[in-house]
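Asker: structure for this input, please:
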Amino acid sequence: MIRLHLHLISDSTGETLENIAKAGLAQFDDVETIKHFWPMVRSEGHVDRVFDDIGKQPGLVLYTLVDHNVRRRLETRCRAMGLPAVSALDPVIDALSRLLGMEAKERPGGQHLLDAAYFQRVEAIQYTIAHDDGVAPDDWDRADIVLAGVSRTSKTPTSIYLANRGYKVANVPLVPESPPPDTLYRLKNPIIVGLTTSPDRLVQVRRNRLLSLNQTPETDYVDQDRVKAEVAFARRIFADNDWPVIDVTRRSIEESAAAILNIVTAHAKKADDESGEPAPSD
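Answerer: As a prediction, the model looks like this:
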């Protein structure tokens, strides 16, 4: 199987790129694609920051950028690194320009009208930010998804990623010394998904986090036995409540989010089958 790192760089939300990438990849078998999303890239400095990370996992760069200076910067960086780069909308825009006899407007995100879906994403992002790290439990029943797990299991970045796709997400830390409120166990509507990881990996991630903050890496937060007990505590909660669980040890944020959305889809299908009525279309 071929492994491909695909970098999707957009001056808007990146949804157009994702759909184009899905359509193209559907034509190829035995390809493991690791997608990296870089939305709202609207300055040359942002391009440089993105390429600092792309250099660590090089691959195909697919982009939609209308600002000439930003595009030029991206193309220059791709040539310097020997990376293939494709502007996804150029052929369509060029054809329309020739047919209509008009120059295209330079307007980032111009393909996204202020429709209901746009406002849904905005509302989802606002909700998710306001319900990070166990905040506002009385409002968790308004979530579409609740993520639960111990510290540093990527709850926040995964929540934000899902919010950008229109899902209201609350995330809840599971700490043995401070168990979550009973509100969590009484939720009916949101889908609750547990995030877990291996204790060894968790210690490594936490240690790196402390070092990045110039804090001592020798605390209970990274003690091997305490971390094992913490992970076991969370897994008992998952099992006792029969929540679906995703192991994020070897998953990127995108992969974790995709697995969560598969759970959401399966849950919706099960609900449809039990009710005998199809879910309303979006």
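
Asker: confirm Q57 sits in a strand?
Answerer: No. Under DSSP: H, G, I helix; E, B strand; the rest coil, Q57 falls outside any strand and is assigned coil.

Asker: quick one: contacts for it?
Answerer: Neighbour list for Q57: H5, I34, H36 [criterion: C-beta atoms under 8 Å, 6 or more residues apart in numbering]. C-beta coordinates here come from the backbone N, C-alpha and C atoms, glycine included.

Asker: now stretch 245-261: buried residues?
Answerer: Neighbour-count burial for stretch 245-261 flags V245, I246, V248, R251, S252, I253, E254, S256, A257, A259, I260 (criterion: 16 or more other C-beta atoms under 10 Å).

Asker: wait, the last one touches I246, no?
Answerer: Yes. I260 sits in contact with I246 when judged by C-beta atoms under 8 Å, with a separation of 6.6 Å.

Asker: any stretches of the protein with poor pLDDT?
Answerer: Residue ranges of the chain with pLDDT under 70: 104-118, 272, 275-282.

Asker: strands of this protein, start to end?
Answerer: Ranges of strands in the chain, per DSSP state E, are 2-10, 31-38, 60-64, 85-87, 145-149, 169-173, 191-196, 245-247.

Asker: closest one to Y185 among those strands?
Answerer: Ranking the strands of the chain by their distance to Y185 (criterion: C-beta to C-beta) puts strand 191-196 first, at 9.1 Å.

Asker: mind listing the shared neighbours of I260 and I246?
Answerer: Common neighbours of I260 and I246 (criterion: C-beta under 8 Å, 6+ apart): V193.

Asker: which one is the most centrally placed residue in the chain nearest to, not counting chain neighbours?
Answerer: A centroid search over the chain (C-alpha atoms, centre = their mean) returns Y161, at 2.9 Å, as the residue closest to the centre. In space, and not counting its chain neighbours, Y161 is closest to A257: 4.8 Å by C-beta to C-beta, 6 or more residues apart in numbering.

Asker: quick one: contacts for that neighbour?
Answerer: Residues in contact with A257 (C-beta under 8 Å, 6+ apart) are T158, Y161, L162, R165.

Asker: what about 6 Å?
Answerer: By C-beta atoms under 6 Å, 6 or more residues apart in numbering, A257 lies in contact with T158, Y161, L162.

Asker: okay if I get the residues you listed as TSV plus distance to K56?
Answerer: Formatted as TSV, the contacts of A257 follow (distance: C-beta to C-beta, whole Å):
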residue	distance to K56
T158	20
Y161	19
L162	24
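
Asker: closest to T219 among these?
Answerer: Using C-beta to C-beta, T158 comes nearest to T219 of these, at 25.1 Å.

Asker: wait, the closest one touches S256, no?
Answerer: Yes. The criterion here is C-beta atoms under 6 Å, and T158 meets it with S256 at 5.2 Å.

Asker: does S159 touch Y127 like I think?
Answerer: No. Under the criterion of C-beta under 6 Å, S159 is not in contact with Y127, lying 9.9 Å apart.

Asker: out of those two, which sits in the busier spot?
Answerer: Remark: of S159 and Y127, S159 carries more neighbours, 30 against 20, as counted by other C-beta atoms under 10 Å.

Asker: in contact with the closest residue to the more buried one other than its chain neighbours, which residues?
Answerer: The shortest distance from S159 to any non-neighbouring residue, by C-beta to C-beta, 6+ apart, is to V169 (4.1 Å). Residues in contact with V169, defined by C-beta under 6 Å, 6+ apart, are T128, I145, S159, L162, A163.

Asker: so how far is R165 from the first one?
Answerer: The one in question is T128. Distance, T128 to R165, using C-beta to C-beta, to the nearest Å: 11 Å.

Asker: in terms of neighbours, single out the busier of these two.
Answerer: T128 (24 against 16).

Asker: would you mind measuring from that one to G149?
Answerer: With C-beta to C-beta as the criterion, T128 and G149 are 16 Å apart.

Asker: which residue, other than its chain neighbours, is closest to V245?
Answerer: Nearest residue to V245, sequence neighbours excluded (C-beta to C-beta, 6+ apart): G194, at 4.2 Å.
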